[in-house]
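Turn this into a model:
(2 chains)
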Amino acid sequence: NAGVTQTPKFQVLKTGQSMTLQCAQDMNHNSMYWYRQDPGMGLRLIYYSASEGTTDKGEVPNGYNVSRLNKREFSLRLESAAPSQTSVYFCASRLSGVNEQFFGPGTRLTVL
Amino acid sequence: GESVGLHLPTLSVQEGDNSIINCAYSNSASDYFIWYKQESGKGPQFIIDIRSNMDKRQGQRVTVLLNKTVKHLSLQIAATQPGDSAVYFCAEKNPGNTGKLIFGQGTTLQVKP
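Numbers count the residues shown, from 1 in each chain, chains lettered A, B, ... in the order given. The predicted structure follows:
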């Protein structure tokens, strides 16, 4: 099992550009999550998908959109990137009935 | 709103000593707590968890203690090794089935040889 995979690993964008961060899990998990991590701070939830076909806002959803493409894949889209979105983005997944979330390796995004 | 905080941003210990990392939480309704370890450039990795109906849980070289009276959580690492150097996060979960976790800011553990 690869677990949770994320692409790309690194990305540099100019202000106003758009991009999609990809996340996939091969553990047959029901729930998936997108977090951002800024220096000196813990992880903050952007969006989550409790099950295939549903998505909900987390703590910091502004400037982002998500798509739960199927049970395996959950993507995060920045329509018009801003310097404030410079961060490390982590995707996580969880099996129903289990509280532990499994994290991917992260995407380091810089917006100039 | 609820928050999860850590008492110290950095903890420095000697190799072989025991480490204690503390965490305060504010939502008395939280029913589950978890500790993650994050090494540089990697995603968080599960260490140990505990449900709110427990006071203590032990794993391999790690113990989590939960004091609901003062809303305090601690992670104890026995015989700390250089490989334990990382940032440690606590997180809490509120009742419900969304599984959303609320993370603290993290404590950096530095192990001196």
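
Neighbours of the residue lying closest to B:E39 once chain neighbours are set aside, how many?
Leaving aside its chain neighbours, B:E39 sits nearest to B:A86 (4.7 Å; criterion: CB to CB, 6 or more residues apart in numbering or on different chains). C-betas here are computed from N, CA, C, even on glycine. By the criterion of other CB atoms under 10 Å in any protein chain shown, B:A86 has 21 neighbours.

thinking B:A86 is in contact with B:L109, fair?
Yes. Judged on CB atoms under 8 Å, B:A86 makes contact with B:L109 at a distance of 6.1 Å.

how about the residues of chain A that lie near chain B?
Proximity of chain A to chain B is confined to A:4, A:31, A:33, A:35, A:40-45, A:48, A:50, A:56, A:58, A:90, A:92, A:94, A:96, A:99-106 under the rule CB under 8 Å from any CB of the partner chain.

Now name the helix or strand holding the residue lying farthest from the centre of chain A.
In chain A, counting by CA atoms, centre = their mean, A:G97 sits farthest out from the average C-alpha position, at 21.4 Å. If you go by DSSP states H and E, A:G97 is not part of any helix or strand.

any idea how far it lies from B:Y36?
A:G97 is 20 Å from B:Y36, where distance means CB to CB, to the nearest Å.

How about B:Q76?
With CB to CB as the criterion, B:Q76 and B:Y36 are 16 Å apart.

do you know how far B:C23 is from chain A?
Counting by CB to the nearest CB, to the nearest Å, the gap from B:C23 to chain A is 11 Å.

and that residue, what helix or strand is that in?
Going by DSSP H and E, B:C23 is in strand B:19-25.

gap between the residue nearest to B:E39 and B:L66?
B:A86 sits at a distance of 22 Å from B:L66 (criterion: CB to CB).

mind checking pLDDT for B:G5?
pLDDT recorded at B:G5 is 57.

The one 5 residues further on now?
Here the pLDDT value assigned to B:T10 is 92.

how many neighbours does it have?
So B:T10, with other CB under 10 Å, has 10 neighbours.

beta partners of it?
Legend: beta-bridge partners of B:T10 under DSSP bridges are B:T108.

From B:V70, how far out is the residue nearest the centre of chain A?
Compute the mean C-alpha point of chain A, and by CA atoms, centre = their mean the closest residue is A:W34, 3.0 Å away. Distance, A:W34 to B:V70, using CB to CB: 33 Å.
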